[in-house]
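Colleague: got a predicted structure plus its sequence, pasted below:
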Amino acid sequence: MKMAKTLVMPVLVVAAVGSGIGTAAAQPGLPPLPAMPQPPALPQLPAPPQIPTADEVSGMIADRSWPDNPAKREAFQTMANEVNIGWANGGQQKMMIGSLVGAAIGCVSIFPNFMAGCMIGNVVGAGVGAAMGIDEGNPNARPAVEKFFATP
């Protein structure tokens, strides 16, 4: 009995392997795929709109804000150009640094309501950092802003 139990499994395995042995025959090749239809032609896209420069934008704002005051328009355009130069020369980097420092200080200093402190500190730090960065990036920016505010 024990011998019968021992031989049953190997005999079944040999029978399964033996029945699987045979000449492998491949199926006939598949027919070729039908030709893909051509997609319809795309319509010609219009040219992208012309993007105005910073000088053109500041001119449009000045013309609409102070139509009867050429001195104020001139002061605004000068201020906008000087601030733009300062922003490009370091204002953005200082704004990001000020934002992070302000958020960190706000989160630590107003601990019971730390989320409000983080948000207020972030905004205040970004504003102070941007002002400092623009002033350091272009020393002519501060006099241009003062002249704009002093112009009647």
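Modeller: Sure, I can see it.

Colleague: residue 87 against residue 132, yeah?
Modeller: No. The pair residue 87 and residue 132 does not pass the contact test of Cβ atoms under 8 Å, sitting 11.9 Å apart. No exception for glycine: its C-beta is placed from N, CA and C like everyone else's.

Colleague: more neighbours, these two?
Modeller: Each of residue 87 and residue 132 has its neighbours counted (other Cβ atoms under 10 Å); residue 87 has more, 20 against 16.

Colleague: roughly how far apart are that one and residue 138?
Modeller: Separation of residue 87 from residue 138 (Cβ to Cβ, to the nearest Å) stands at 8 Å.

Colleague: if I pick residue 77, what's in contact with it?
Modeller: Going by Cβ atoms under 8 Å, 6 or more residues apart in numbering, residue 77 touches 55, 58-59, 62.

Colleague: what about 6 Å?
Modeller: Going by Cβ atoms under 6 Å, 6 or more residues apart in numbering, residue 77 touches 58, 62.

Colleague: ok, it to residue 58 distance?
Modeller: Distance of residue 77 to residue 58, computed by Cβ to Cβ: 5 Å.

Colleague: same question, residue 139
Modeller: Distance, residue 139 to residue 58, using Cβ to Cβ: 20 Å.

Colleague: settle it for me: which of these two has more neighbours?
Modeller: Higher neighbour count among residue 139 and residue 58: residue 58, with 20 against 10, using other Cβ under 10 Å.

Colleague: what about that one, helix or strand, and which?
Modeller: helix 54-65 (DSSP states H and E).

Colleague: chain center to the next helix or strand after that helix, what's the gap?
Modeller: Next in sequence after helix 54-65, counting helices and strands by DSSP H and E, comes helix 70-86. Offset of helix 70-86 from its chain centre (Cα atoms, centre = their mean, to the nearest Å): 29 Å.

Colleague: sort out which residues of helix 70-86 are buried, please.
Modeller: Buried residues in helix 70-86, counting neighbours by 16 or more other Cβ atoms under 10 Å, are found at 72-73, 75-86.

Colleague: quick one: mean pLDDT for it?
Modeller: For helix 70-86, mean pLDDT rounds to 94.
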